[in-house]
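>>> Predicted structure and sequence below. I'll ask about it afterward.
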Amino acid sequence: MVDTDDVAAYTAQLKKGSGLINNVAPNMKMRAWQATFAGDATGAVIVGIEHPGSLADFATAWEKIQADASVSKWLSGLSGLRAIISDSLYSEIPL
């Protein structure tokens, strides 16, 4: 979860980052949501990275993303646009 004062600028940067990540790990898909009914977190932005494979495959792709110089540069440029409130890893529970 991310707090930002400029959702439009942050979204533009997410679009750029999504392309960078897709170049490194084509199976990864970035998605974003804005909290609407979330108490104190209303307005916060949630950014997710989806990967269709196993957690082991995700870990391998994530290592490639973190090692990529263009992604690192992009991530460092986000510090003025957002404050990270929390990080999470979710696994779907089949119903």
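Structure's in. What do you need?

>>> For residue 1, give me its contacts.
Taking Cβ atoms under 8 Å, 6 or more residues apart in numbering, we find residue 1 in contact with 35, 41, 44-46, 84-86, 88. For the C-beta atoms, the positions are set from N, CA and C on the backbone; glycine is no exception.

>>> Looking at the residues you listed, which are in strands?
Counted as lying in strands by DSSP state E, out of those, are 45-46, 84.

>>> Now residue 73: which helix or strand?
helix 69-77 (DSSP states H and E).

>>> and that helix, what's its mean pLDDT?
If you average the pLDDT over helix 69-77, you get 93.

>>> rewinding a little: now that we have the ones in strands among the contacts of residue 1, which of them are buried?
Among the ones in strands among the contacts of residue 1, those classed as buried by neighbour count (16 or more other Cβ atoms under 10 Å) are 45-46.

>>> which of the contacts of residue 1 lies closest to residue 62?
The shortest approach to residue 62 among the contacts of residue 1 belongs to residue 88, at 14.1 Å (Cβ to Cβ).
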